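Output the structure for:
(chains A and B)
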Amino acid sequence: MTSPSSPLSIEARRDVWWCHFDTPKSPVNIFTRPLAEAVLELTERARREGPRALIFATAKDRSFLNGAQLMMASAVQRPEDVLPLTALLRQAYQAVQDLPLLTVAAVHGTCYGCGVEFTLHCDRRIATDAGHTHFYMTELVDYLDTPAFGSTQLLPKLMTLSDSVDFLMWGRRLHAPDALSTGLVDRILPHHDLSSSLTELLSDPDFTTLTRPTPGTGAHTINELRTAIDHLPEPFRHLHDQCLTLLHRGHQSPTVSPDDRRAELDVCGHTLINPIASKARSVFFLRQLAQRATLRHAPPPQPIDLLVPPDLLHHNPHSFLARLATHGPPHLRLLTDPDHARPDALKIPLLPPTSPPSSSATLRQHSGFSAHTPGLTWHEPTPGHRHFSHLHRPHGGATAVIELAIHDPEPDPAAQHLFALLTDLDATVLLSRPHSAFATDSLLLAYLRPLLSFLTHGGSTADLHTTLLDFGFLLPPSEIATYLAPDTLPPNERPALEKLTSSLPTSEGEIQPFLIDQILLELIYSSAQLLKNKVLPHRSVADIAITDLIGFPIHHGTLGQFFTLQRARTILDRLQSSPHHTPEPVWAHAQRFLHEEVELYG
Amino acid sequence: MSSQPNHFDLICDAILHAASHDLPSSIEPQHSLIEDLGYDSLTISVLALELESRLGRPVLLSRWVEAVDDPSGLTVQSLCEYLEHV
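Presented below is the predicted three-dimensional model:
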């Protein structure tokens, strides 16, 4: 019935057709041209043979649909190019929507971008209760462009305008319960019993004849939503304003007209050719490079039992680790009793917090935790809520960052499996080798040192916040400061730290360009040192860590792409002639950096 | 390409090592990495690492990907030309 290399397999179970996505030779499903052609064939056949329903599901463990081919976006050179380039996929999506029979997207695993848009063209959406099942719109947050396949018009017909904005513009990840409460999905079903529970649901008239009330605007008015955009740095404002205009249009209209579709495509075409979108896409490539530089090929999923002492597990209920305990994928279990470990599972013990990982690493009591196994240290500097809660914080810095320090000369298989698993859960994972400190702490210090020096020498918090926002740093430095244990800093810097953590972001101050110069120098120097000392395996890993840990603005690309040697020389010249104080370590680092002629990317 | 036979061989070797799937028995300059060799963005990132280890310098292929107006234009030859100019 279906060729083994087909991206779509079809199985008739009585009068219901189960259609499984299965992109060949890929760990995730992608809506490629062959898949679009297969969907078109399927819809033609379904029209001829008339099954009662089509179920779209996945044959993969972790991915429902992770989007279309990003490289297609790179091919758009003029706004009008988006029409022919997206034509086949739009035709396939429309063919599903136009079918005169029930279509259900049964989402298990990750569902991103164009994958979400595919589900919007089905009559019903269900999500499995697996912890890794979630929905995420990548377009604005990761690529600084707008969607092309209907989400701006279809989302606000399912969820409130405020929820649509949160999801599409601010990058809120919707796990199954949130997807249900916002209206994105109609039901949550058990992942281990999907087939029979969905079959049962298909005979429930409440499900098959479901009608929805028209969603309202939700928590915020359109004016409040526009005000939030006005507070964004300049490069983002027009992009977000255009997207909000489209969403508002979709919210006001009960149906989607050809003009609505055309308006969405028109905005998409213009945003795709904006140079900031090209920079953002390059961050995506670097992210993939960083993952491959750490682990060339992900090992097949294997049962993993993390052995965790109770006090460590319950230390911070919002930590990534605690969340794994309640919402982790089925093949991962967190155990407090080693006797309960599965015989076939890879066992990774985490020792109690009373065992510090090394003399240089301090146990975190507030901002995270550390634990040590022979050969492996887990360090989670970012608070868990960054990953799992609602964030009005686009463009970097919205993911959990976890550092796994490896003490053995060769990467431990356990670390490799853990890396693959955590990466699948969208954490940014650094496999590092211990040096004088955790790599993440070094990078945090590099960012904070110039800020604290600025405040120590009489600078105002208003100027500090204004300068950071103007450059595009959207993560409040007051929050970043909490990722670092206070005793990491020398006592003379603690008053400035207190001043920083108690300050609120504002754009009412004066821009102090030298402050950005100092931060860039410190970060690039710190990256170079981490690479030189082989703490991190590849320059791309340092780059992505800075993007996700500190929120380096992706419209500049990554720090390594932004910071060329030529820029370094310009900055040094500028600092030399500046009357403002440059802290001695920053100055020394900058000189050494230039002396060594280090550049992350040639 | 004839002026850079070693460069071409080096790139072909990297292409062979980066792919985790079967490739044609002979890689030709006109082969598209996407359409003929089954590459995607994940495999291209592995290719960047393979090239980096052979060339001994950082290789960022995102600029090469962004430079074409059609993914079918991501040919072996265009990759050779890109690497000669960076």
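
so where is the chain shaky, pLDDT-wise?
Just so you know, I chose chain A. Per-residue confidence for chain A (pLDDT under 70) gives these ranges: A:1-4, A:69-71, A:312, A:350-378, A:382-398, A:407-412, A:486, A:579-581, A:593-602.

meant chain B actually
B:1-6.

can you give me the helices for it?
B:5-18, B:41-55, B:62-67, B:76-85 (DSSP state H).

can I get the ones you listed in TSV with distance to chain A and mean neighbour count?
To be clear about C-beta, it is placed using only N, CA and C from the backbone, and glycine gets the same treatment. Formatted as TSV, these follow (distance: least, CB to the nearest CB, whole Å; neighbours: other CB atoms under 10 Å in any protein chain shown):
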stretch	distance to chain A	mean neighbour count
helix B:5-18	9	16
helix B:41-55	4	20
helix B:62-67	4	19
helix B:76-85	11	16
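
Of those helices, which is nearest residue A:564?
helix B:62-67 (13.4 Å; CB to CB).

Could you list which residues are in contact with residue A:220?
A:161-162, A:165, A:228 (CB atoms under 8 Å, 6 or more residues apart in numbering or on different chains).

10 Å instead?
A:160-163, A:165-166, A:226-228 (CB atoms under 10 Å, 6 or more residues apart in numbering or on different chains).

Make sure residue B:12 is actually in contact with residue B:28.
Yes: the criterion here is CB atoms under 10 Å, and residue B:12 meets it with residue B:28 at 9.3 Å.

tell me, what's touching these two both at once?
Common neighbours of residue B:12 and residue B:28 (CB under 10 Å, 6+ apart) are residue B:76.

Phi first, then psi, for residue A:426.
Backbone geometry at residue A:426, expressed as degrees, to the nearest 10, gives phi 70, psi 20.

for the contacts of residue A:220, which one is nearest chain B?
Nearest to chain B, judged by CB to the nearest CB, of the contacts of residue A:220 is residue A:166 at 27.5 Å.

thinking again about what came up before, which of the contacts of residue A:220 are buried?
A:160-163, A:165-166, A:226 (16 or more other CB atoms under 10 Å in any protein chain shown).

re earlier: can you redo the helices of chain B as TSV, where the extra columns are distance to residue A:86?
Listed next are the helices of chain B as TSV, based on distance: least, CB to CB, whole Å:
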stretch	distance to residue A:86
helix B:5-18	29
helix B:41-55	18
helix B:62-67	18
helix B:76-85	24
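
looking at those helices, which is closest to residue A:533?
Of all these, helix B:41-55 comes closest under CB to CB, at 19.3 Å.

quick one: that closest one to helix B:5-18, angle?
In terms of direction (axes from the mean of the first three to the mean of the last three CA atoms, to 10 degrees), helix B:41-55 departs from helix B:5-18 by 130 degrees.

Quick one: distance of helix B:41-55 to the chain centre.
Its chain's average C-alpha position is 8 Å from that of helix B:41-55, according to CA atoms, centre = their mean, to the nearest Å.

Next, the angle from it to helix B:76-85.
Going by the same axes, to 10 degrees, helix B:41-55 makes 50 degrees with helix B:76-85.

Show me what the helix or strand containing residue A:323 is packed against.
Taking DSSP states H and E as the criterion, residue A:323 maps to helix A:320-327. Using 3 or more CB pairs under 10 Å, 6 or more residues apart in numbering or on different chains; DSSP states H and E, the elements in contact with helix A:320-327 are strand A:304-307, helix A:310-313, strand A:332-335, helix A:385-388, strand A:401-406, helix A:413-424.

quick one: which of these is nearest residue A:442?
strand A:401-406 (10.5 Å).

Residue B:68 against residue B:75, yeah?
Yes: counting by CB under 10 Å, residue B:68 touches residue B:75, with 8.9 Å between them.

Backbone dihedrals for residue A:136, please?
Dihedral angles (degrees, to the nearest 10) for residue A:136: phi -150, psi 130.

What is the burial count for it?
21 (other CB atoms under 10 Å in any protein chain shown).

show me what contacts it?
A:66-67, A:110-113, A:115-116, A:142, A:167, A:171-175, A:426.

which residues in the stretch 201-350 of chain A form helices?
Along the stretch 201-350 of chain A, counting by DSSP state H, counting those that start in this stretch, helices occupy A:205-208, A:222-230, A:234-252, A:258-272, A:275-294, A:310-313, A:320-327.

Could you identify which of the helices and strands packed on helix A:320-327 is most buried?
For these, average neighbour numbers computed from mean count of other CB atoms under 10 Å in any protein chain shown are highest in strand A:401-406, which has a mean of 24.

If you count contacts, what does that one end up packed against?
helix A:320-327, strand A:370-373, strand A:376-379, helix A:385-388, helix A:413-424, strand A:428-432, helix A:439-456, helix A:539-550.

make it 6 Å
helix A:413-424, strand A:428-432 (3 or more CB pairs under 6 Å, 6 or more residues apart in numbering or on different chains; DSSP states H and E).

Looking at those, which is nearest to chain B?
helix A:413-424 (12.2 Å).

How about residue A:460, nearest residue that isn't a chain neighbour?
Spatially, and ignoring its direct neighbours in sequence, residue A:460 is nearest to residue A:509 (6.1 Å; CB to CB, 6 or more residues apart in numbering or on different chains).

thought that neighbour was touching residue A:467?
No: the pair residue A:509 / residue A:467 is not scored as a contact, 7.5 Å apart, by CB atoms under 6 Å.

Give me the more crowded residue out of those two.
residue A:467 (23 against 17).

And the more buried one, how close does it get to chain B?
29 Å (CB to the nearest CB, to the nearest Å).

I figured that residue hits residue A:512, correct?
Yes: here residue A:467 reaches residue A:512: they are 4.8 Å apart, a contact under CB under 6 Å.

Tell me which residues are up against stretch A:514-533.
Stretch A:514-533 has contacts (CB atoms under 6 Å, 6 or more residues apart in numbering or on different chains) with A:435, A:439, A:442-443, A:446, A:449-450, A:454, A:467, A:471, A:536, A:539, A:542, A:546, A:559, A:563, A:571, A:575, A:578, A:580, A:586, A:589-590, A:593, A:598.

what's the burial count for residue A:511?
Neighbour tally, residue A:511, other CB under 10 Å: 14.

Please consider this matter closed, and thank you.
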